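K.L.:
structure of the sequence below:
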Amino acid sequence: MKKQVFIIDTSAILSGRPIRFDNVSIVTTPAVSDELSPGGRDFRTFELLKETGLAIHEPSKEAINRVKKTAQETGDDRRLSFADVEVVALAIDINKEPDQEATILTDDYSIQNVASTLQIKFQGFSQKGITKKFKWVSRCPGCKKQFNEITKICPICGTITKSSLLHKKNL
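P.N.:
Model prediction:
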């Protein structure tokens, strides 16, 4: 039986809900740690989690690049912070280990969408998780041109583009 490893993102810490360590390992990434400001309640919660077993691991560059490429394909790259990318990348690295299985604990729908595309398990922490996969594109509100690649500024008319849902599929 594979050892369960839960990877927590910033949203799990900010939720204020207790995070239990019963028969599982809990890990996160350096970038998640960097998103928490020292001194606040959430930072104290994070420090307590570290004292009770939360480990911080850095994902491989190969896994980070794979997540970035997948996020570009789904159109989530505009929505993901570097900490979000690291969380998904760490799941890729953990799942390469034959005796471990990663589950990402997050309420971030973009993380869930990319994880689903990469066939990584995820679980909502305070909210129900996604039930459909999304594909986002950029649309120009000026000239109405659609770009499959995420484009911040329309190369045709120079207007700032908006993210638009192209399609969604059931999981």
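K.L.:
use CA for all of it now, contacts and neighbours both
P.N.:
Fine.
K.L.:
what does stretch 10-30 contact?
P.N.:
Around stretch 10-30, the neighbours that count as contacts under C-alpha atoms under 8 Å, 6 or more residues apart in numbering are 3-9, 32, 35-36, 42, 45-46, 53-59, 83, 86-87, 90, 105-108, 125-126.
K.L.:
for PyMOL, what selects the buried ones among these?
P.N.:
The following PyMOL line selects those of those that are buried, judged by 16 or more other C-alpha atoms under 10 Å:
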select buried, resi 4+5+6+7+8+9+32+36+42+45+46+54+56+59+83+86+87+90+105+106+107+108+125
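K.L.:
hmm, Arg139 is touching Ser164, no?
P.N.:
Yes: contact between Arg139 and Ser164 holds when scored by C-alpha atoms under 8 Å: they sit 6.3 Å apart.
K.L.:
neighbour count winner among these two?
P.N.:
Between Arg139 and Ser164, Arg139 has the larger neighbour count (other C-alpha atoms under 10 Å), namely 25 against 15.
K.L.:
need phi/psi at that one.
P.N.:
Per-residue torsions, Arg139: phi -130, psi 140 (degrees, to the nearest 10).
K.L.:
so it bridges to which residues?
P.N.:
Taking DSSP bridges, one obtains Gln146, Lys162 as the residues bridged to Arg139.
K.L.:
adjust the sequence numbering to begin at 22 for everything that follows.
P.N.:
Noted, 22 is the first residue going forward, which turns the last one into Arg160.
K.L.:
and it, how far from Phe27?
P.N.:
Arg160 is 36 Å from Phe27, where distance means C-alpha to C-alpha, to the nearest Å.
K.L.:
find the centremost residue of the protein, please.
P.N.:
What sits nearest the mean C-alpha location of the chain, by C-alpha atoms, centre = their mean, is Ile132, with 3.0 Å.
K.L.:
ok, that residue to Phe143 distance?
P.N.:
Here Ile132 is placed at a distance of 9 Å from Phe143 (C-alpha to C-alpha).
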